[in-house]
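Colleague: here is my input; please provide its structure:
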Amino acid sequence: MRSVDKKVTQELFRTVAGRFATGIAIVTTHGDGVDHAMTVNAFTSVSLDPLLVLICVEKVARFHSAVIAAGEWGVSVLGEDGEEASRAFATRGRILEGQLDRWAHRRGTLGLALFDSAIATLECRTTAVHDGGDHSIIIGEVVSAGLPREAEPLIYHKAHYRHLAPGAPPGTPPDPGP
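Modeller: The predicted structure follows:
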């Protein structure tokens, strides 16, 4: 099916953007004695010199004000077994106090929570914040990085969690999921 010249609505844009498969991470920060965490798929590397990455955070999310105020944030890239954590930290309005208690984590160099089950971790200091419509584009300089364990990534594609086929050679299509 080929479609052209459609009016770009939010629904169409969401569908089109959903065709881009992404990894999933949980971003953490700390403020006022409380850990804050949020699931993101808008995370990417930006620069090797200096080492920069970015996240996009919706302006109305309570995580937004916390991460802007803190100026430091951690990234835990989820492995294929991370769907439950991803769903938990994507839930709006959850109780903040003790929200990390059921998830094994350690404190990184900056004292930020980093998930033990992550397949990659970073800690960053904010270097710039840019307007991105209803989101802020937050750029951070990487101050620590780690590879806690080896596992396949959790992937999000067409509004569903996906997993790479076990032992699949490069170029094999992802599991179609539900």
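Colleague: helices of this protein, start to end?
Modeller: With DSSP state H as the criterion, the chain has helices at 10-17, 62-70, 83-89.
Colleague: out of these, which comes closest to residue 131?
Modeller: Comparing those against residue 131 with Cβ to Cβ, the closest turns out to be helix 62-70 (12.3 Å). C-beta here means a position set from N, CA and C on the backbone, and glycine is covered the same way.
Colleague: could you export the helices of the chain as CSV, including distance to residue 50 and mean pLDDT?
Modeller: Output for the helices of the chain, formatted as CSV (distance: least, Cβ to Cβ, whole Å; pLDDT from 0 to 100):
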stretch, distance to residue 50, mean pLDDT
helix 10-17, 28, 91
helix 62-70, 20, 96
helix 83-89, 28, 96
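Colleague: now the ones you listed in a markdown table, with distance to residue 96 and mean neighbour count?
Modeller: Output for the helices of the chain, formatted as a markdown table (distance: least, Cβ to Cβ, whole Å; neighbours: other Cβ atoms under 10 Å):
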| stretch | distance to residue 96 | mean neighbour count |
| --- | --- | --- |
| helix 10-17 | 28 | 10 |
| helix 62-70 | 8 | 18 |
| helix 83-89 | 11 | 17 |
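Colleague: need those in TSV with distance to residue 123, can you?
Modeller: Listed next are the helices of the chain as TSV, based on distance: least, Cβ to Cβ, whole Å:
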stretch	distance to residue 123
helix 10-17	28
helix 62-70	12
helix 83-89	17
